[in-house]
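>>> Sequence and predicted structure, then a few things I'm wondering about:
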Amino acid sequence: MTGPLLAVEGLCAGYGKGDIIKDVTFELSAGSITTIIGPNGAGKSTLIKTLAGVVRPRIGSVRVDGDDLTGMVANRMAAHGVAYVPQEANVFRTLTVQENLEMGAWTATDTRHERMEHVFELFPVLQERSAVRAGNLSGGQRQMAAFGMAMMVAPRLLLLDEPSAGLSPKMVGQMFETVRRVNETGVGVLMVEQNAIQGLGIADRGIVMAAGEIKLNLPASELLDNAEVGELYLGTRQ
Ligand SMILES: Nc1ncnc2c1ncn2[C@@H]1O[C@H](COP(=O)(O)OP(=O)(O)OP(=O)(O)O)[C@@H](O)[C@H]1O
């Protein structure tokens, strides 16, 4: 396989009248991490939802490993190895952690046990709390459960919408470390992050979105060094 893991071309999508994301084109190489940053309302979540099959594209194409998945709905995307962790409402609150994880792999009855072992290795606290209802977890643990559910898909492409949102500084570090570990197993990661410095810090490439468009798409290290981006999105870096 020589082509990109994800190839997005001319993607336009929104929630009714008008497009929120406009003519979005980019590629994500196999085994790499791309972090998308940008101001509130830039369309970052809308882009990731469109790639996850939650929002239907109006025009454009989405290919994963060369397969045309344009317009495919979310549950079928999972069967193609695309897993999505939404920013909110990302667990079944009345189900236990274990039941949530089982829901993540409801089509893979034969490999479910193995996958759960892998998730417990990534997030030991989920094993400790496997019998607890997800609604009773702390915010950080709930975020891990949502991440764990996505890993139950055994994804080749992981779509993360602000995985560090609402976490304590210590948990933020752990979350990024886990993303890095997952990536090291060969999973491609596309991640939206407000926490731009840390999000770009583990990424290969960085994308800046504003007003529904990609404004910059550069090696993450170059974006971190870009003074204009620094001022706009990363805070003062002196
Ligand atoms: N479900 C929805 N229905 C209608 N409009 C929506 C919906 N979700 C988002 N929007 C609108 O789409 C635009 C882009 O929102 P989006 O959440 O994609 O931006 P974002 O870059 O992820 O911002 P944030 O960092 O604040 O999450 C906003 O103007 C928002 O009001």
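Perfect, thanks for sending it. Everything numeric here is computed off the predicted structure, so don't read it as measured data.
>>> Please enumerate the helices of this protein.
Along the chain, the stretches classed as helices by DSSP state H are 44-52, 74-79, 97-104, 112-122, 124-128, 139-151, 169-184, 196-201, 220-225, 227-229.
>>> Please point out which parts of the second one sit buried.
Right, the one you point to is helix 74-79. Neighbour-count burial for helix 74-79, counted by 16 or more other C-beta atoms under 10 Å, picks out 77-78. For glycine as for every other residue, the C-beta is placed from the backbone atoms N, C-alpha and C.
>>> circling back: out of the helices of the chain, which is closest to Thr34?
Comparing the helices of the chain by their distance to Thr34 (C-beta to C-beta), the top pick is helix 220-225, with 8.1 Å.
>>> could you give me the average pLDDT of the closest one?
Taken as a whole, helix 220-225 has a mean pLDDT of 92.
>>> what packs against it?
strand 33-37, helix 196-201, strand 205-210 (3 or more C-beta pairs under 8 Å, 6 or more residues apart in numbering; DSSP states H and E).
>>> List the contacts of that helix.
33, 35, 37, 197, 200-201, 203-206, 208, 216, 229-230, 234 (C-beta atoms under 8 Å, 6 or more residues apart in numbering).
>>> and Asp161, how far is that from the ligand?
8 Å (C-beta to the nearest ligand atom, to the nearest Å).
>>> bridging residues for that residue?
Following DSSP bridges, Asp161 is listed with bridge partners Val192.
>>> what's the answer for Tyr84, then?
Here Tyr84, judged by DSSP bridges, has bridge partners Leu159.
>>> Would you mind listing what in the protein touches the ligand?
15, 20, 38, 40-46 (C-beta under 6 Å from any ligand atom).
>>> Can you flag the buried ones in those residues?
Buried subset of the residues of the chain next to the ligand (neighbour count, 16+ other C-beta under 10 Å): 20, 38, 42-46.
>>> just to revisit the earlier point, please identify the deepest-packed of the helices and strands packed on helix 220-225.
strand 33-37 (a mean of 26; mean count of other C-beta atoms under 10 Å).
>>> And the pLDDT at the residue nearest the centre of the chain?
Residue closest to the average C-alpha location in the chain (C-alpha atoms, centre = their mean): Leu160, at 1.5 Å. According to the predicted model, the pLDDT of Leu160 comes to 97.
>>> just checking, Met72 touches His80?
Yes: assessed by C-beta atoms under 8 Å, Met72 is found in contact with His80 at 7.3 Å.
>>> between the two, which one's more packed in?
The neighbour comparison of Met72 against His80 (other C-beta atoms under 10 Å) goes to Met72, with 19 against 16.
>>> State the distance from the closest residue to that one other than its chain neighbours to Leu160.
In space, and not counting its chain neighbours, Met72 is closest to Gly53: 5.2 Å by C-beta to C-beta, 6 or more residues apart in numbering. Using C-beta to C-beta, to the nearest Å, one gets 15 Å for the distance from Gly53 to Leu160.
>>> same question, Glu88
For Glu88 relative to Leu160 (C-beta to C-beta), the value is 13 Å.
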